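1. Any chance you could fold what I've pasted below:
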Amino acid sequence: LRLMLIQVFIVILWLNPDRFFQTLNTVAANDPSTQSVIGNFFNQWMTDSELFAGVHDRRVCSLGLCTLLRIDAKYYSAISNIVPKILPNCIHIYQGLMKTYQHNNEDDSEDDTDDDDDSVPSEIDDGDDENIEHEDDFLGKLKGK
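-> Residues are numbered from 1 along each chain as shown. Below you'll find the predicted structure:
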């Protein structure tokens, strides 16, 4: 449940950073016991980022992390404590996405041998990334290998 709630706030951050900070600042202003709600949210997100599983969850997390990388300077003080954790978490999420795509491709190749009627898709496709073969090179460059 906590990861789902974190994802909801990540989507709000991604879609409208101003609204995100305005909402959390309003909560903090209305209840003095929650003064560090923004800092706690970001710390919890960075701690739990390894727990995101599946394509959707990891994509949401990566969109939020990318939003943090391009956040307006007026919000920098709210994220200054987690800045050193953003890039490592991006790499971790990206590696997890690669593994998930590879696993899904293996499952799809096994499903091709079934006698299923493929004229009606059984599940929604998350989309194909055309540059999957270049991902290992990209990660190697990020890690300095």
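
2. C-alpha from now on. contacts and neighbour counts both.
-> Will do.

3. how far is the lengthiest helix in the chain from where the chain is centred?
-> Using DSSP state H, we find that the single longest helix of the chain is helix 83-111. Centroid separation for helix 83-111 versus its chain: 11 Å, with Cα atoms, centre = their mean, to the nearest Å.

4. Averaged pLDDT, it. What do you get?
-> Averaging pLDDT along helix 83-111 yields 88.

5. for that helix, packing partners?
-> helix 37-48, helix 54-69 (3 or more Cα pairs under 8 Å, 6 or more residues apart in numbering; DSSP states H and E).

6. Buried ones in that helix, by neighbour count?
-> For helix 83-111, a neighbour-count test (16 or more other Cα atoms under 10 Å) marks Ile86, Asn89, Cys90, His92, Ile93, Tyr94, Gln95, Gly96, Leu97, Met98, Thr100, Tyr101 as buried.
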